[in-house]
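A.B. asks: I would like to see how this sequence folds:
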Amino acid sequence: MLCLRDFTRKALRKHFASLDAFLRRWKGAERKQAIIDEVAAEGLPLAAIAEEIGKGLDPFDLICHIAFDRPPLTRREWAENVCVRRRSGTWPDGREGSLIPVKAQETDRSRRGDWAGDRDNRASGARTDRRPGDARSRPCRLPTGPSMMRTMPGKAMQDCAGTDLARKLAVLRSPASYPEAPRAVEVRETHMSWVFLTDGFAWKLKKPVRHPFLDYRRLEQRRHFCEEELRLNRRLAPDVYLDVVPLVRRPDGALMLGGAGEAVDWLVRMRRLPASLMLDVALEHGTATPVAVARAADHLASFYASAPPAAAGEEPYLDRFHHEITLNRQTLHDGAYGLPHEAAARVLDTLEGFLGEERDALLVPLRAGRVVEGHGDLRPEHVFLGEPPAVIDCLEFDPKLRLLDPFEEVAFLAMECRMLGGSWAGAAFLRHVAGALRTRPGARLFAFYTGFRACLRARLSIAHLQEPEPREPAKWQPRTLRYLGQAEAACARLRRLPRVR
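C.D. replies: Modelled structure (predicted):
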């Protein structure tokens with residue numbers, strides 16, 4: 001591999017005499033993909049070297065590493081090194097220089113998420129009546145060239161370096177590609193998908209990406225998880241999730257939705273839902289009614305009551321809590337984010353204490369057969385108050401994250417409703433679910449669930465600042481602090497409540 005690297009370095013240096021020359025060329029190129037195509041045309045073994053490094057470098061960073069001896073760091077590692085540089089004044093490899101990390105400094109402009117949420121869950125069953133200025137109403141710029149490839153870690157860049165993905169995106173943003181002949185196509189981008197919004201439908205294309213929690217790089221994987229998304233979401237939103245549609249290449253090479261030809265990708269087709277009837281919007285606008293909320297709560301409660309008990313072992317069930325709390329501690333204690341260290345430590349210590357000392361209380365739902373394969377991400381923006389009611393955007397990519405006590409999901413939903421000023425709605429969901437299951441959670445267990453979920457949301461919020469180009473970076477620290485406030489309140493309640501012997 002060393003000789004391959006030497007050969008590749010020399011070949012790249014013929015194109016770019018120095019790092020400055022490469023950066024000037026890259027910055028000045030009208031179509032940066034042309035630079036990648038030019039290098040690929042030389043037959044240089046970039047993919048093999050990337051495989052050996054095994055860090056998921058994108059083409060820009062890979063060229064900088066091979067040709068100009070820059071450290072072989074992923075975007076996340078660069079971000080972490082920025083934090084080290086900020087604290088110590090030097091990089092971990094001894095270099096000096098300045099690079100200012102992204103930091104949230106302004107107040108939160110929105111209490112809710114944007115279309116690029118913590119996971120791909122904002123766009124399915126997409127809402128149609130966005131308010132002017134709402135972050136989710138603004139169309140995204142479809143990525144091309146290196147910006148596209150920055151979203152494609154690891155081997156996925158080999159799939160996406162050519163024109164195939166760019167062609168798919170170009171076809172899908174054209175109104176002429178859709179059987180309903182829409183007036184226009186709006187595009188939403190999330191971590192894991194692009195969603196193309198036509199007049200009546202939402203078409204979701206999964207990105208060929210790899211994350212620690214999923215791998216969508218291969219076509220068969222994307223098809224499988226499209227089918228899983230359809231299957232799982234039809235449990236609570238059968239009228240919203242319609243089908244899985246292939247994007248095919250015809251014999252003449254043209255791409256089209258459905259029909260005869262070679263399937264080159266797969267999309268989930270959903271019915272669009274009006275934003276005004278989503279629970280988060282209705283709570284913010286004061287238009288949510290007790291009758292509509294009760295109808296949605298009954299729908300959810302019936303789902304839980306009819307779901308079969310999940311086949312889960314006790315240790316794997318508890319491992320999820322331990323694992324998430326460990327990740328929360330690692331992220332929330334990072335001094336680069338300016339979070340209150342002592343408050344986060346107090347919350348996490350309380351949660352860990354409950355896990356260690358009241359293991360049996362956590363296992364009561366499992367032993368009682370109450371743990372089911374639930375929704376996995378039950379938030380107000382996923383609850384449709386229309387007729388019939390629906391709950392959309394189930395977490396499809398990891399079944400372990402769906403094996404839950406229904407009251408953990410309700411505690412999460414109630415916390416989010418409270419943050420929107422709708423505590424009464426959360427209480428209604430708890431009341432209806434408890435009635436359907438003919439039991440109620442213990443007060444200490446419910447407080448634990450609330451603190452646990454609030455901490456998890458705090459971590460996912462601040463993690464946006466680890467992205468190469470965070471969207472709306474100023475909002476993530478304030479949002480994280482609000483979730484930490486919810487976690488503190490829940491854990492203070494947990495400490496006050498008497499332990500049941």
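
A.B. asks: Run a quick neighbour tally on the closest residue to residue 376 other than its chain neighbours.
C.D. replies: Sequence neighbours aside, residue 395 is the residue nearest to residue 376 in space, at 3.0 Å (criterion: C-beta to C-beta, 6 or more residues apart in numbering). The way it works is simple: take the backbone N, C-alpha and C, and place the C-beta from them, glycine included. Other residues lying near residue 395 total 19 when counted by other C-beta atoms under 10 Å.

A.B. asks: I'd guess residue 395 is in a helix, am I close?
C.D. replies: No. Read with DSSP: H, G, I helix; E, B strand; the rest coil, residue 395 is coil and lies in no helix.

A.B. asks: how far away is it from residue 379?
C.D. replies: 11 Å (C-beta to C-beta, to the nearest Å).

A.B. asks: And residue 181, by the same measure?
C.D. replies: Counting by C-beta to C-beta, the gap from residue 181 to residue 379 is 34 Å.

A.B. asks: which one of the two has more residues nearby?
C.D. replies: Neighbours were counted for residue 181 and for residue 379 using other C-beta under 10 Å; residue 379 has more, 24 against 10.

A.B. asks: Could you check how far that one is from residue 288?
C.D. replies: From residue 379 to residue 288 the distance is 14 Å (C-beta to C-beta).

A.B. asks: next one: residue 22
C.D. replies: For residue 22, the distance to residue 288 - C-beta to C-beta - is 55 Å.

A.B. asks: What ranges does the protein have for its strands?
C.D. replies: 186-189, 193-197, 201-206, 210-211, 214-215, 241-249, 255-257, 262-271, 372-373, 383-384, 390-391, 403-404 (DSSP state E).

A.B. asks: Which of the residues in the longest one are classified as buried?
C.D. replies: Neighbour-count burial for strand 262-271, with 16 or more other C-beta atoms under 10 Å as criterion, is recorded at 265, 266, 267, 268, 269, 270, 271.

A.B. asks: partner residues bridging the third one?
C.D. replies: Using DSSP bridges, the bridge partners assigned to residue 267 are residue 205, residue 245.

A.B. asks: Identify the residues contacting it.
C.D. replies: 172, 203, 204, 205, 226, 244, 245, 246, 247, 257 (C-beta atoms under 8 Å, 6 or more residues apart in numbering).

A.B. asks: What separation is there between it and residue 207?
C.D. replies: Taken as C-beta to C-beta, the span from residue 267 to residue 207 is 12 Å.

A.B. asks: quick one: low-confidence ranges for the protein?
C.D. replies: Where the chain drops to pLDDT under 70, the residues are 1-7, 24, 26-56, 73-163, 501.

A.B. asks: Now do the contacts for residue 261.
C.D. replies: Taking C-beta under 8 Å, 6+ apart, one finds 248, 249, 250, 251 in contact with residue 261.

A.B. asks: That one and residue 246, how far apart?
C.D. replies: Distance from residue 261 to residue 246, by C-beta to C-beta: 8 Å.

A.B. asks: now do residue 432
C.D. replies: 40 Å.

A.B. asks: do residue 326 as well
C.D. replies: 41 Å.

A.B. asks: do residue 429 as well
C.D. replies: 38 Å.

A.B. asks: again, but for residue 407
C.D. replies: Distance from residue 407 to residue 246, by C-beta to C-beta: 40 Å.

A.B. asks: The two - which one has more neighbours?
C.D. replies: residue 407 (23 against 18).

A.B. asks: Next, count neighbours for the residue lying closest to residue 384 once chain neighbours are set aside.
C.D. replies: Distance criterion C-beta to C-beta, 6+ apart; nearest residue to residue 384, sequence neighbours excluded, is residue 390 at 4.2 Å. Number of residues near residue 390 (other C-beta under 10 Å) recorded here: 24.

A.B. asks: Could you do residue 457 as well?
C.D. replies: Neighbours around residue 457, by other C-beta under 10 Å: 24.
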